[in-house]
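[1] Requesting a structural model of the entry that follows:
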Amino acid sequence: MIPNLIVQVWGFDIRLNTASVFDKNQTAMTTDQPSEALPIVHELRNPKGHGFDCMVFDGLYLFVPPPFMLKGETAEKRLQSIQEIELNDDDVIICAYPKCGTHWLWEVVEMLRSGVIEYRKEVKETQEFEIIYKEGTDALPAPRTLNTHLPLRMLPKQVVEKKVKCIKIIRNPKDVCVSFFNQYRDTVAPAGFEGDLEEFTELFLYGKICFGAYSDYLLTWKAELARSPGLPVLEMFYEEMKMAHRPLNILHDLAGRNMPDRVIALVTLFANKLSQRQIAISALGLMTITKDTILTIVGTLLTYVFIVIQFKPESTGGMGQDTNTTAG
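    Numbers count the residues shown, from 1 in each chain. Next comes the predicted model:
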């Protein structure tokens, strides 16, 4: 029997693992994996065979990178290269567990830093440590808005040494779980998840998933941050970001620019639109228009046509003649 501690976050029971997520018949997750190769862990599956194939690095479950990302090197060497990344004083790093609003926040910070209110042509993965590693990060032009799902100990050493600005975003774990499930459900095999939400929730709570348990992520960040006093980390909540106004004022200060009120208002509008259900942003940065959006657009057009017909000036008499007489 695995001992667990139950706590409440936003009124939701969260199971904190006080022991390994494996039982005695499974291989324990350790930090001393052999450097020659990182094995694929096949045990992250339930009795129905539904689950994930993950690798282990520094005690954390991670996705197994495809060969094109490794460029002839081992996954371990590529991940170790992250710690050697040279950071700039104006770098900003967004740190979050998956599905906590990383892409949304990344877009907003990019707009605040550039002053240009439009979607980035690139996706946030093009600036994510565990996707592009040291080689890709070094090639990015400044100013850089970087992002990661990794714990603090696996980030570049200069995060602590140079006290680089970080933004950590937290989200209601119930929503994180459902959003994570939807992403895996919509992903094609073998990377997807074929089970139902109940099965996924069990794996999510026990940490049998890439990046481990959400509760472990939060507790690990808290402990590692306590060992690095003075590190400028802005902690935000996804739910607070949906209200947009106060967090955006803090964000533009953190980004190091004094944004005009007009820009703040436009970015606020953008952030609010992103939080609405009828507009969804895909992994490719494209906008998906749903039935609700179409009905809204049609309704707006019909209203406009109705107003034009009702108040169209006539050549003789009517509303237009009365208005001209009054004005004279």
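
[2] low-scoring stretches of the stretch 151-300 of the chain, by residue?
    Judged by pLDDT under 70, the stretch 151-300 of the chain has its weakly predicted residues at 189-190, 243-300.

[3] residues in contact with Leu79?
    Phe57, Asp58, Leu62, Glu130, Tyr133, Met154 (C-beta atoms under 8 Å, 6 or more residues apart in numbering). (Glycine included, C-beta is placed from N, CA and C.)

[4] Let's see which of those end up in strands.
    Phe57, Leu62 (DSSP state E).

[5] What about the contacts of Leu79, which one has the most neighbours?
    Neighbour counts for the contacts of Leu79, by other C-beta atoms under 10 Å, peak at Tyr133, which reaches 24 neighbours.

[6] That one: what's it in contact with?
    With C-beta under 8 Å, 6+ apart, Tyr133 has these contacts: Met69, Arg78, Leu79, Ser81, Ile82.

[7] Could you rerun that using 10 Å?
    65, 69-71, 73, 75, 77-82, 84-85 (C-beta atoms under 10 Å, 6 or more residues apart in numbering).

[8] As a check, name the ranges of all strands in the chain.
    With DSSP E as the criterion, the chain has strands spanning 4-9, 12-17, 40-41, 54-57, 60-63, 92-95, 145-148, 165-170, 233-237, 279-281, 287-289.

[9] How confident was the prediction at Glu118?
    Looking at Glu118, its pLDDT reads 79.

[10] which residue sits closest to it, ignoring its sequence neighbours?
    Excluding its sequence neighbours, the residue lying closest to Glu118 (C-beta to C-beta, 6 or more residues apart in numbering) is Met111, at 7.6 Å.

[11] so how far is Pro143 from the one you found?
    Relative to Pro143, Met111 is positioned 13 Å away (C-beta to C-beta, to the nearest Å).

[12] mind listing the helices for the stretch 101-250 of the chain?
    Along the stretch 101-250 of the chain, counting by DSSP state H, counting those that start in this stretch, helices occupy 102-114, 129-138, 158-161, 173-185, 197-206, 214-226, 238-241, 245-254.
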